[in-house]
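1. Give me a 3D structure for the following:
(2 chains)
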Amino acid sequence: MRVLSGSNRRWLDFALRLALGAAFVYAGALKIRDPLQFADNIASFQILPNMLVNSFALSLPVFEILTGLLLITGFLGRPASLGILIISAIFVSAVVSALVRGLTIDCGCFGTSEPSRGRMWFDLGRDAILLIGAVAAYSYQSTKSVRRSEVTDRSRRA
Amino acid sequence: MGTLTNVGRDLAGVAGLAALSVMIGFAINHFSSQPLSMVYQSPQERLQSQLAELVAAPPFESFPVDTIDLNQFHRIVEDRSALIFDARSSLYYGQGHVPGALNLSRDHFARDYLRLRSTMERAKDRPMVVYCSGGACHDSKMVAQALVSLGFDHVRIFAGGWDVWTAAGLPTSKG
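-> This is a model prediction of the structure:
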């Protein structure tokens, strides 16, 4: 399936990495300014025990910034995009679980806002888009390295 | 098979990045001026422990506090007829607050209260109004209840909070 030429694919990959990476760096930077507020947001989901809430609130923003920067630069792009994929899947699952349990909360994903059910559906949609983007970024990174290893094998055989 | 090995290697990379993030996160917290404790406490538990630092207060109880609407609050701000307290964190207070409001944050209640104590005790008989970010925020209610627990009798809440004040296009102050 050759819908896009090589250079178009590379541009698309770069644009995707830039958008996704920038979104995660921005989200992490908002949370790292006020870890106590983010801890309250995490606790409102009623998923993690109190023992883990603050550790998560301290580490997750750093993880978002770190993986976002790595994804933009392309250094360690595969683990960075997989990390973003996993964290997006966790966000989607957490918001779905809160919606199913009838909670009205502020997810704190991109800074704070007033808790509302309408806002939670919006958050779910945005997290789902990030998840789809992360799946696309990771699968592109994977196929790219497979192609690269095939080229290396061929040149070794030649 | 090769792909599975690659995914395994990537997962190991993610674990490494997660471990690095935990270390950096804890290091930032260690050097922070307001570090988080290891075990999470709810806003109510945090306020209760801060109240206990100030006075041998009875256990913190939730009770109703009178509220005022935007018109009443606007008049009070213009007349300066009450002490106004912003219950949000100092970060949000610094970015903008109601003119004349003092920062008495729910999260650093004891620290802010000690700073404002002399002003507050001089004005013990004046009415007080507390606000936070918006209609669904609980900080103004908790701070108002804490003030009542400390012996201030004329405490009310502006329930609309910062969101309603700014949505009405009313003046704000910074810093």
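2. ok, and the closest non-adjacent residue to the closest residue to chain A within chain B?
-> Residue nearest to chain A within chain B (Cβ to the nearest Cβ): B:G13, separated by 2.7 Å. All C-beta spots, glycine's among them, are computed from the backbone N, C-alpha and C. In space, B:G13 comes closest to A:P79 once its chain neighbours are excluded; the distance is 2.7 Å by Cβ to Cβ, 6 or more residues apart in numbering or on different chains.
3. re earlier: buried residues of the strand or helix carrying the residue of chain B closest to chain A, list them for me.
-> Using DSSP states H and E, B:G13 maps to helix B:2-31. Within helix B:2-31, the residues scored as buried using 16 or more other Cβ atoms under 10 Å in any protein chain shown are B:6, B:10, B:13-14, B:17-18, B:21-22, B:24-26, B:28-29.
4. Kindly report the same for stretch B:92-100.
-> B:92-93, B:97-98.
5. Now intersect those with the strands, please.
-> Among the buried residues of stretch B:92-100, no member is found in strands (DSSP state E).
6. Which of the residues you listed sits closest to B:R117?
-> Nearest to B:R117 among the buried residues of stretch B:92-100 is B:Y93, at 18.0 Å by Cβ to Cβ.
7. In this structure the closest one contacts B:S105, no?
-> Yes: the criterion here is Cβ atoms under 8 Å, and B:Y93 meets it with B:S105 at 7.1 Å.
8. tell me, what's touching the two both at once?
-> B:D86 (Cβ atoms under 8 Å, 6 or more residues apart in numbering or on different chains).
9. near chain A, which residues of chain B?
-> B:2-3, B:6-7, B:10-14, B:16-18, B:20-22, B:24-26, B:28-29, B:32, B:34, B:36-43, B:89, B:91, B:107, B:133-137, B:163 (Cβ under 8 Å from any Cβ of the partner chain).
10. Check the offset of the helix or strand of chain B with the lowest mean pLDDT from the chain's centre.
-> Among the helical and strand segments of chain B, the one scoring lowest on mean pLDDT, DSSP states H and E is helix B:43-54, with a mean of 80. Centroid separation for helix B:43-54 versus its chain: 12 Å, with Cα atoms, centre = their mean, to the nearest Å.
11. For it, give me every contacting residue.
-> Contacts of helix B:43-54 (Cβ under 8 Å, 6+ apart): A:40, B:41, B:57, B:59-60, B:106-110, B:113-114, B:138-139, B:142-143, B:146, B:149-150.
12. Now do the same contact list for the spatially closest residue to B:S81 that is not a sequence neighbour.
-> Once flanking residues are discounted, B:S81 sits nearest to B:P127: 7.0 Å by Cβ to Cβ, 6+ apart. By Cβ under 8 Å, 6+ apart, the contact set of B:P127 is B:76, B:81-83, B:154-156.
13. try it again with 7 Å
-> B:81-82, B:154, B:156 (Cβ atoms under 7 Å, 6 or more residues apart in numbering or on different chains).
14. quick one: it and B:S49, what's the gap?
-> Using Cβ to Cβ, to the nearest Å, B:P127 is found at 28 Å from B:S49.
15. neighbouring strands for the helix or strand just after the least confident helix or strand of chain B, and are they parallel or not?
-> Note on helix B:43-54: by DSSP H and E, the next helix or strand toward the C-terminus is strand B:67-68. Taking DSSP bridges as the criterion, strand B:67-68 sits next to strand B:155-158 (parallel) in its sheet.
16. Quick one: mean pLDDT for the partner strand?
-> Across strand B:155-158, pLDDT averages out at 94.
17. Tell me the residues on chain A that lie near chain B, please.
-> A:33-36, A:39-40, A:43, A:50-51, A:53-54, A:57-59, A:62-63, A:66-67, A:76, A:78-79, A:82-83, A:86, A:114-115, A:142 (Cβ under 7 Å from any Cβ of the partner chain).
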